[in-house]
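Visitor: Sharing a model that was predicted from the sequence below.
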Amino acid sequence: MSAFAFLFPLFAILLWAGNVMVSRLSAHTIDPFAITFWRLVLAVALMSTFVLKPAWRNRALIRAHWPRLACLGLLAMALFQCLSYQAAHTTTATNMAIMTALVPLLTMLWSVLLLGESPTLGMLAGGAISFGGLVYLITAGQPFLLISGGVHSGDMLMLVAALSYALYGVLLRRWQTGLPSWQSTYIQAICAMLFMLVVVLRLPPGAALPNRASLPLIAYAGTLASVILPFFWMQGVKLLGPNRCAMFMNLLPVATAAIAVGWFGEQLHTWHLVGGGIALAGVALAQTWRQPLFAPGRAAA
């Protein structure tokens, strides 16, 4: 295996970190629903140049699976993105990235519930460790704030967003449509775009349209984050496998924090390092410690 293959998920994570910063920059520039819609419009337009014809040839298969594709698009391309943009109003880019990096762990938990996969000791221990780190992070090192309700709403929104994206990953595995990855992504994006159109039409006219300040953000989100990033990630999964690529998610908070501190002047506090580090350690433990929680004989009993 060439070391070159590892560049694909690495570049994908770097682009993802840039997209987290776009979310932060969009917080006071454009409505969360509007930027979600316009990024989808741009992404669909770009993908149409190379996916429309093969997707049309597969229209019978697409027609048979469109409800599932619509659900997937709603989870990953509409709900996850809207929640992320809304969360950016009240939390930091570093916190957003750490929450997103929990997706592999949350995916394992969804897999136990929906796919019937056996829980492992790593999932149990890693989940408990990550939860402790997460509490320390979102309470800025003061866990007792949970009792008094002193937690940023943005952190909770990002946790829900991570749960929705993890659910997307599990349903994508469960619902095998037989479509090539690009065609599946393309139809999901169209469905998400149509859903967001209904939402955007209910916004005040001034809030629904992009402005000069938001155009570069839409351009990044609609091209680099919606088309180039998936290409790099798909190539990484193809060459390295999903498990190895999932480990790269742990780099997302590091890359995001480096950009946020060095370029945008966000402050990196001790609770980011401690809470985020503990949370990511739990994710890594869950990914690597695969010993079943129940022995076969005990499970049968």
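Guide: Sure, I can see it.

Visitor: pLDDT below threshold where in the stretch 151-300 of the chain?
Guide: Within the stretch 151-300 of the chain, the segments meeting pLDDT under 70 span 151, 295-300.

Visitor: can you map out the helices along the stretch 201-301 of the chain?
Guide: 205-208, 215-219, 229-240, 242-247, 252-262, 270-288, 296-300 (DSSP state H, counting those that start in this stretch).

Visitor: Any chance of a markdown table for those, columns mean neighbour count?
Guide: (Each C-beta comes from the backbone N, C-alpha and C, glycine too.) Formatted as a markdown table, those follow (neighbours: other Cβ atoms under 10 Å):
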| stretch | mean neighbour count |
| --- | --- |
| helix 205-208 | 12 |
| helix 215-219 | 17 |
| helix 229-240 | 18 |
| helix 242-247 | 17 |
| helix 252-262 | 20 |
| helix 270-288 | 20 |
| helix 296-300 | 8 |
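
Visitor: To Met21, which of those lies closest?
Guide: The closest of the helices of the stretch 201-301 of the chain to Met21 is helix 252-262. By Cβ to Cβ, the value is 5.6 Å.

Visitor: Make CSV out of the helices of the stretch 201-301 of the chain and add distance to Leu46.
Guide: Shown next, in CSV, are these (distance: least, Cβ to Cβ, whole Å):
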stretch, distance to Leu46
helix 205-208, 21
helix 215-219, 11
helix 229-240, 11
helix 242-247, 23
helix 252-262, 24
helix 270-288, 32
helix 296-300, 48
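
Visitor: I'd like to know which of those is closest to Ala93.
Guide: Closest to Ala93 of the helices of the stretch 201-301 of the chain is helix 252-262 (Cβ to Cβ; 4.2 Å).

Visitor: Counting by contacts, list what that closest one packs against.
Guide: Secondary-structure packing of helix 252-262 (3 or more Cβ pairs under 8 Å, 6 or more residues apart in numbering; DSSP states H and E): helix 7-26, helix 93-100, helix 270-288.

Visitor: Just send the ones you listed back as JSON lines, with distance to Leu203 too.
Guide: Formatted as JSON lines, the helices and strands packed on helix 252-262 follow (distance: least, Cβ to Cβ, whole Å):
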{"stretch": "helix 7-26", "distance to Leu203": "15"}
{"stretch": "helix 93-100", "distance to Leu203": "23"}
{"stretch": "helix 270-288", "distance to Leu203": "34"}
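
Visitor: Show me the one of those helices that comes nearest Gly206.
Guide: The minimum distance between Gly206 and these falls on helix 7-26, with 15.7 Å, by Cβ to Cβ.
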